[in-house]
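>>> starting from these lines, generate the structure:
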Amino acid sequence: MHANGLHYLPLSPGLFSILAGIFILLVVLLRVGALPYAYTRIGISAQGAILILLASLVGSYFNIPLAELPGQHILSGREIDFFGLHYMVPVVVDWPGTIVAVNVGGALIPGLISLYVLVRHRLWMRGALAIAGVSAICHFLAKPVPGLGIALPIFVPAIASALMAMVLSLRRTAALAYIGGSLGALVGADLLNLGRVQGLGAPVVSIGGAGTFDGVFLTGILAVLLAGLWSPHSQNRAEFYSEQSRNA
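Here you go, the predicted structure:
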C-alpha cells in the first residue's frame, strides 16, 4: 500500500476540530495557572504536557506498518431475479488484505509516556491493576466495524481510568488514570481484538488509530483533569479522616 493510503486522520474533520478546540482550551488554562495540579502530579510539566498533546494530535496522521494480513476468498450472496422469482446465488469475492499498523499519536506517544510515568512512580502492582481493569471494560465495549476496524465509545477509557485510579490510590490518582486509560484502551480495544480485524474490509487497521484515538487522546485530558480534582488539600483531608477511622 502506498504512503498516501497508510497515513490519514483517524477522525472526521468535525471531531478532530472539537479535540483541537479542547486542546487549545487546556493550553489556555495551563498558561494562566488555573490547573496547577493536573499534570505536575504525574511528573510532567505544563509545557511538557502541551508538547505531548500537540504531538499526539499531529502524530495521529501517521501510521507505522507492522504486518499485513493476507487477503481472503469469501462467499457472498447475490440476488438474481428470474421471471419474478428471487434466487440467492453464492459468489466468491476477493477480500483485500489488511495492513496492521501502529498510530504515532494514539499509541506510540501515549504508550511511551505511560511507561515513563509507571517507572517514575514505581506503580507496578497498582498500574497493572488499573491497566487490567480498563482493558476489561474496553474489551467488553469495543465492537468490530466493517471498513473501519475496532471502535470504542469515546468517553469509556477516560471515565473508566479515572474511576479505577481513584479506587486504587488517592495519592497517585493522576498517574494511574493516565496509565490505565492509555494502555488499557490500547490493550483492551485494539490488541485483544486483533484476531477479529481480518475480514472487516478495512485496508488499514491502526492500533491507537481510527476507532480508539479519540478515547486515548481524551484520556490524556479528561482522566487527568478528573484526577486533578484531588488537590493536595483534599487529599490530605481524605488521608487524615482515613487515619482517624483506623485509629478509632
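
>>> what are the ranges of the strands in the protein?
For the chain, the strands defined by DSSP state E cover 63-69, 72-82, 85-95, 98-103, 143-145, 149-151, 204-207.

>>> tell me how far stretch 17-28 lies from the chain's centre.
Relative to the mean C-alpha coordinate of its chain, stretch 17-28 is positioned 18 Å out (CA atoms, centre = their mean, to the nearest Å).

>>> for Ala185, what are its contacts?
Applying CB atoms under 8 Å, 6 or more residues apart in numbering, we find Ala185 in contact with 134-135, 138, 152, 156-157, 212, 215-216, 219. C-betas here are computed from N, CA, C, even on glycine.

>>> for Pro70, state which of the residues you listed is nearest.
Each of the contacts of Ala185 was scored against Pro70 by CB to CB, and Thr212 proved nearest at 24.0 Å.

>>> measure the residue most central in space within the chain to Gly111 for me?
Relative to the mean C-alpha position of the chain, the nearest C-alpha, by CA atoms, centre = their mean, is the one of Val216, at 2.7 Å. Here the criterion is CB to CB, to the nearest Å. By it, Val216 lies 9 Å from Gly111.

>>> ditto for Ala174
Note on Ala174: its distance to Gly111, by CB to CB, is 18 Å.

>>> more crowded one of these two?
Set side by side, Ala174 and Gly111 give different neighbour counts by other CB atoms under 10 Å, the larger being at Ala174 (29 against 18).

>>> where do the helices of the chain begin and end?
For the chain, applying DSSP state H gives helices covering 3-6, 13-31, 46-59, 109-121, 124-141, 156-168, 173-185, 213-218, 224-228, 232-247.

>>> and the second one, how far out from the chain's middle?
Put plainly, it is helix 13-31. The gap between the average C-alpha position of helix 13-31 and the chain average comes to 17 Å, counting by CA atoms, centre = their mean.
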